[in-house]
Every structure is written in C-alpha cells, then in structure tokens.
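Asker: Any chance you could fold what I've pasted below:
(2 chains, ligands or ions: 2)
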Amino acid sequence: MVAITFIEHDGTKHTVDAAVGTSLMEAATTNMLPGIVGMCGGICSCATCHCYLPESWQGKTQPAGPGEQSMLEAVYEPRANSRLGCQVAITEAMDGLEVLLPKEQV
Amino acid sequence: MSKVNLDPYDHQFHWDPYPHYKAARDNDPVYFYEPGGFWLLTKWEDVNRAFRDFKTFINTGAVALEADANEKLPYPMFIGSDPPDHTRQRKLFAPMMTPQGLSKIEDWIRQKAIALLEPHVAAGRMDLVADMACFLPMDVISNMISVPDADQDKVRGWADDLIARDDKQVDLGERNVSGYTNLAQYFERHSALHGESARGDDLLGILMRAQAEGAMSHPEVIGAMILLAVAGNETTTKLIGNMAYRLWQHPEQRQVLVDNPSLIATAIEEVLRFDGSSQIIVRRVGQDVEMRGKHLKKGDRVGLCIISANRDEEKYENPNTFDIRRGSRDHMAFGFGIHSCLGAALARLETRVVFEELLKRIPNYEIDESGLRRAHNPNVRGFTHVPVTF
Ligand code: HEM
Ligand code: FES
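Answerer: Ligands and ions are numbered 1, 2, ... in the order given. All right, here's what the predicted structure looks like:
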C-alpha cells in the first residue's frame, strides 16, 4: 500500500491507502472521494477522472498514450500536466504523491 | 400509489414501459415489487447514488434479480463481486477494452458486418435482427475468446436460454439453469484446451495468463467467460435493433445520418439514453439505508431502472423527445462508475460500424411493424425480429 493524497479544487485534502497496480481513478472512487467521477470505470471513454500530476512526479509514471491524449482534449481546463486517473497505474515509487483535482469533471 | 404498476416480468410491459416508469418517478419512485420481493429505483439521482455508493449497494450476491440466482448460478462472475476482488479482475481486461485497444479490430468488425448485410441487399428485404444484429456481437466476442465458428450457434443458443423468461416468470426456470450449465461445461472444456497455450493479448490470452499466474482462480476464469459471452451478446444485438427502430420512426433524423455519417456516434448516445437495451441492473443492500422515506434493509435486492433514470425529467429537458444531436454522455445505459460496462467501447464500435454500412446500403428501409417481436427478460430489452423492406 502507498499513500496518495487527492487535493480538491478548493484545497481540501484526502489521503488514501492505495494498492500498487491499481489506478489513481480506482484509488479515488473506491474511497468515494469527491472531485473525481470515473464514470466509465477505466476504459478511457469518459474523461471524468481528470487530474493534474505535479511536474516533480511526472518522471515516475509512464506518459499518456494516444487514446488518453485524445480524450484529454475534451476535459475542462486541460493543462500540460493533465492526466486521466484511470490510465495512471500506481507504483511503489508514488508513495506520498499529491494529485490535484480540477474544478469540474465534464 | 395505486397508479403505479411496474412489472419487469410482464411481457406486455416491455413494449412500452416508459409511461409506467414515469408514473413511478412521479408517485412512488422507490418502488417495492411484491411478486419478486425486491425494490426498484427509478429516479436518475437515486440510481446514480446506488452506482456510486458501492458499499451501501453491493454487487456480491447480486448476479440477477431472482432470489434463487446465487445458488443456481454458482461460478463467480466478477460483475457479482466488490472491491478489492472486483478491481483485481476488472483491471486485467480494461486496457484492451478501451477505444484505442479495440481500434485494431475495427476493420475486422466492418468486414463481418458487410458480409452479413450484402447477401440481402439485392433481395429488397431482410430482418435486421434475425439476419444480422443477432450474429455480429457473438462473432466478435467469440473471436476475442477463440470460440471457433462452428460452436458459435451453440454458445449463442445457451446464452439465449440463460436470459429467456416466460411471461410472469419471476424465478429461474430449468431452461435458464441448463443454459448456464451448458455454457459452464463448454468453457471448462475450452479452458482445458487453451490453458497451456493461449498467451496472446486477446481476451483468451489474458484469461489464461491470469489463471496461470494466479491473478484469477479457475472458477473465476470460467465465470468471466460466461459473463463475456452473455453480457457482450444480447445487449449489443438489442441496441442495434432499437436504433434501427427509432431511426425508422424519425426518418428526418435518419436522413441526417445518411448525409452525415460522422454524427452516427452521437446518435448512438441518444439511442442509449432514449431506448437503452439494458433495463434493470441489480444490487444488494450492504447496510440499512433510507431512501425517500422507504427503509431498505441489509440483504434486500434492488433493481436500478436505468431506462427510467435516463428519461428522468429532473435530469433531461424534454426527456421523451428523441434527438440524435442531444449528445448527452451522462446517461447510465452502460451503468456508472466501478462496474460500468466493460464492453461499452466495443458496443459503441460495433453499433457505429453497423449503421455506417447499413445506411450506406439501405438508407430508406421500411419496418413491417406487424413482424416486430421482442425478447423478454427483466434486464435485456429489445427486438428479436425487425423485418424491413427497401
Ligand atoms: C449495448 C450494449 C451493452 C449494454 C447496454 C451493456 C450494459 C451494461 C451495464 C448497464 C453494465 C453495468 C452492470 C452493473 O453495474 O452491475 C454492464 C456491465 C458489464 N458489461 Fe455490458 N453492456 C453492453 C455490451 C457489452 C459488451 C459488448 C460486453 C463485452 C465484453 C460487455 C461486458 C460487460 C461486463 C464484463 C460487465 C461487468 C463489468 C463489471 O462488473 O465491472 N457489455 N453492461
Ligand atoms: S474513468 Fe473514464 S476515462 Fe478514466
């Protein structure tokens, strides 16, 4: 288990224990956190698991693939560090990661 | 309250359930269905809550609405499990079920769809479900789990047996159980045959590797095969039929798609919302909960009426208007959240390809309404026969 902190748009922090191998979206939805929806359950079809990964952590994840990149075009307020949480697999190296959540999920 | 009469086991009900669902939403939205002994949730908000609050509304022990389903259908299917067991299994399949993961079979699906349509084009008549839509989804899923062509009719027949319900049949009958047993025995043989060799990146390879590496138990693998054969089959067939029917009812909208095939994907979302092919999804109450003054007790069975939620006037403007340009993606035709349909992108792909090829060839089909026939099941809703001339 690793600790992942999700930070809502208004600054509210939620820290959860997440199993290595699950996704950021699963870590949030299986703890029923606000701010992330995960409507399609992780098949990269809804873009309601949008989150921002701090630059300092980007090297610790695999980059977004083409399917994820095209879905990211549709999210509310995309940024250079936007990711779909369902496409980011949690690894041991992510212990302590802080993930920012957008104001709205489309 | 007496005005409300929801009966998902009444065959007549399936022809036009929407006014009944509206009456329920207006008068008794958390409805107790006496003959089956379970609750029915009809409002978008309530159904959505049940999908999200997976600890209060659990999938363990909720394989089907019927009280006796768990004893009679013993292989564990991951749809009937909760986190973390559910997450462990589902995540094995998710990468190949994304639009990107499926793009490599689009051409294959198109060739299959064309091969099913072409022989009928010159005849000027065909049955869009019995001659085409009933074959394609099983073809696709069979291909993904390496069921040979020669066995497909058998497997489809058993899948049909499993879901068929006689009028007012609220328990699982002999035909349902034997369909299930036949599927289980077939997949036992199938996995014995491929267990050592299949390691590809298709569904069968994923299943066999998961078994070999201990990520899934053997009964879970068989359960997953049954689930894929059943879930990936009828619902997609019925969505294609429902779409053909609604476009025929709205010829001016059909013409828009003929002229602009790029709008077909958006139109599919509206068919999913307006006339989805899955009616009721099942949960069990995991902890006592009160909803709109009703007390749901731990262990109670609950049906989430997604086709009612998708017509909720508190959620959608003019919900009973069919508008292919509406483009709402927050309908729950594929469920919502952690159990949301694993095959949603596949079903969308198949349906899009079918209508791209169909409308190109027979843009002005006429449906012979007297020939329409329906399947009857509390979940799957749609036609078995849609005869057309053109
Ligand atoms: C139009 C076609 C389809 C419709 C309307 C549909 C509908 C649904 C719905 C509403 C659920 C949610 C169940 C729940 O929350 O308990 C679901 C789950 C599922 N569907 Fe589909 N489905 C369709 C096509 C497919 C296809 C083509 C496949 C093939 C792979 C498939 C495989 C599954 C599986 C495996 C689940 C269980 C997911 C889980 O529990 O995590 N479905 N489907
Ligand atoms: S959960 Fe749907 S795209 Fe991530």
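Asker: quick one: the strands in the chain?
Answerer: By default, I'm working from chain A. Using DSSP state E, the strands of chain A run over A:2-7, A:13-18, A:50-52, A:82-84, A:97-100.
Asker: actually chain B
Answerer: Along chain B, counting by DSSP E, strands occupy B:30-33, B:38-41, B:57-58, B:125-127, B:280-285, B:289-291, B:294-296, B:301-305, B:366-367, B:373-374, B:383-385, B:387-389.
Asker: I'd like the mean pLDDT over the lengthiest helix in chain B, please.
Answerer: Identified as the longest helix of chain B according to DSSP state H is helix B:174-194. Per-residue pLDDT over helix B:174-194 has a mean of 90.
Asker: which residues touch it?
Answerer: Residues outside helix B:174-194 that contact it (C-beta atoms under 8 Å, 6 or more residues apart in numbering or on different chains): B:72-73, B:75, B:145-147, B:151, B:154-155, B:157-165, B:204, B:207-208, B:211, B:218, B:221-222, B:225-226, B:229-230. Quick note: C-beta positions are derived from backbone N, CA and C, even for glycine.
Asker: who in the stretch 51-200 of chain B is up against ligand 1?
Answerer: B:59, B:78-79, B:90, B:137, B:141 (C-beta under 6 Å from any ligand atom).
Asker: Can you tell me which of those is nearest ligand 1?
Answerer: B:I79 (3.6 Å; C-beta to the nearest ligand atom).
Asker: Quick check, that closest one in contact with B:H339.
Answerer: Yes. Here B:I79 lies in contact with B:H339, judged by C-beta atoms under 8 Å, at a distance of 6.5 Å.
Asker: Please identify every residue contacting each of the two.
Answerer: What both B:I79 and B:H339 touch, as defined by C-beta under 8 Å, 6+ apart, is the set B:N59.
Asker: List the buried residues in the helix or strand bottoming out on mean pLDDT in chain A.
Answerer: Across the helices and strands of chain A, mean confidence by mean pLDDT, DSSP states H and E is lowest for helix A:55-58: a mean of 84. By 16 or more other C-beta atoms under 10 Å in any protein chain shown, the buried positions in helix A:55-58 come out as A:W57.
Asker: Dump it to PDB, restricted to CA.
Answerer: As requested, the backbone C-alpha atoms of helix A:55-58 are provided in PDB (Å, rounded to 0.1, in the frame of the first residue of the first chain):
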ATOM      1  CA  GLU A  55       5.800  18.100 -12.600                       C
ATOM      2  CA  SER A  56       8.100  16.600  -9.900                       C
ATOM      3  CA  TRP A  57       6.200  13.300 -10.100                       C
ATOM      4  CA  GLN A  58       5.800  13.100 -13.900                       C
END
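Asker: For chain A, what lies in contact range of chain B?
Answerer: Selection of chain A residues close to chain B by C-beta under 8 Å from any C-beta of the partner chain yields A:19, A:21-23, A:26, A:29-30, A:32, A:37-46, A:65-67, A:86.
Asker: For PyMOL, write the select line for the buried members of these.
Answerer: Per 16+ other C-beta under 10 Å, the buried members of the residues of chain A next to chain B correspond to this PyMOL selection:
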select buried, chain A and resi 22+23+26+29+30+37+38+39+40+41+42+43+44+45+46+67+86
